[in-house]
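**Student:** Dropping a prediction and its sequence here:
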Amino acid sequence: MKSEMRVNVLVAVAALLMSVMTGYAVSEGRSESLAAPESFDAIGDTAARSVALFTELGKVLTHPRCVNCHPAGDRPRQGEQGRPHQPPVARGADGHGLAAMRCNSCHQDANFEPGRMPGHPAWHLAPREMAWEGKSLGEICAQIKDRERNGGRSLEDLVHHMSADTLVGWAWAPGFGRQSAPGTQKAAGALVEAWVKTGAACPK
Ligand code: HEC
Ligand code: HEC
C-alpha cells in the first residue's frame, strides 16, 4: 500500500518534470539567431552595409521581449503576442507605475519562476518618447539616434547601453516559457557597434 503510493507520486513527479522540460525545449528552439557583423562585409557601399546591420539588429528591437516594455501607450504588454498587461497597470509619472500599483510590488529583483514573474531591480517602463510598438524600423532607427528622444545618449552611449545594460540583458534570460530575444546580448552589441562605425545609416 505504502510503496504503491510512492510509485504513484514518482510517476506524477516524472510526468511533471517531462512537461516542464519539453516546455523549455520548445521555447528555446524558437529563438532566432543573429548574424555577425562580418557577414555583411561583402556589401561594398558603406551606407548600404550600415542599413543592413541595423536591419539585422531590428530582429532584436522589434522582438516582444523588448517591445513589451517600449509600448506606444501607458500600459506595458505581455507575452509573445504583446497583449495588454494583466492586471491593468499604467506607467505613472516615473515609469515605475501609479502610486497604488508600483511595478516592484509584483516584479522582484530577479525572475520568480514559480509565479512566472519576470524580475530585475530596475524593472520599469521605457518613457513614452522611446516607444517602438507599431513603428517601422526606419522610425525606430531615427528616434534611437535622436538625443531628444533617446535619453540624451550619444551613439557611443547607445552601444554601451545595448551591450552592457542589465535590464536590456533580461531579454536574453526572460525566464519560464518566454522566448528569448534573438542571438545574445553580446552579438546585438557587436551589431550596434558596427552600425555606428559605418555611419549609423537608417533603413527607409
Ligand atoms: C499586480 C502585479 C503586477 C504589477 C503591479 C506589474 N506587473 Fe508586470 N507582470 C505581472 C505578471 C504576473 C506578469 C507575467 C505574466 C505572464 O507572462 O504570464 C507580468 C509581466 C510583465 C511584462 C511582460 C514581459 C514579457 O515580455 O512577456 C512586462 C513588460 C511587465 N510586466 C511590465 C510591468 C511594468 C512596467 C509595471 C509597472 C508599470 C508592471 N509590469 C507592474 C504582474 C504585475
Ligand atoms: C523591463 C522593461 C524593459 C525591457 C524589457 C527593455 N527595456 Fe529598453 N528601456 C527601458 C527603460 C526604462 C529605458 C529608459 C532608461 C533610461 O533612459 O535610463 C529603456 C531605454 C532603452 C534604450 C535607450 C533609449 C532609446 O533610444 O530607446 C535602448 C536602446 C533600449 N532600451 C533597448 C532595449 C532593447 C534592445 C531591449 C530588448 C533586448 C530592451 N530595451 C528591453 C525598459 C526596458
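**Tutor:** Thanks, I have it. Numbers count the residues shown, from 1 in each chain. Ligands and ions are numbered 1, 2, ... in the order given.
**Student:** show me where this structure has strands.
**Tutor:** Along the chain, counting by DSSP state E, strands occupy 77-78, 83-84, 97-98, 101-102.
**Student:** ok, residue 133 touching residue 71?
**Tutor:** Yes: between residue 133 and residue 71 there is a contact under C-beta atoms under 8 Å: 4.8 Å. C-beta coordinates here come from the backbone N, C-alpha and C atoms, glycine included.
**Student:** Which one's more surrounded, those two?
**Tutor:** Neighbours were tallied for residue 133 and for residue 71 using other C-beta atoms under 10 Å; the higher tally belongs to residue 71 (22 against 17).
**Student:** pLDDT score assigned to the more buried one?
**Tutor:** We have a pLDDT of 98 for residue 71.
**Student:** who's in contact with it?
**Tutor:** Counting by C-beta atoms under 8 Å, 6 or more residues apart in numbering, residue 71 touches 77, 82, 125, 131, 133.
**Student:** from memory the third one sits against residue 76, does it?
**Tutor:** Right, the one you point to is residue 125. Yes: here residue 125 reaches residue 76: they are 5.6 Å apart, a contact under C-beta under 8 Å.
**Student:** hey, what's in contact with both of those two?
**Tutor:** 69, 91.
**Student:** Neighbours of the nearest residue to residue 85 once chain neighbours are set aside, how many?
**Tutor:** Excluding the flanking residues, the one nearest residue 85 by C-beta to C-beta, 6 or more residues apart in numbering is residue 76, at 4.3 Å. A count of neighbours around residue 76, defined by other C-beta under 10 Å, yields 23.
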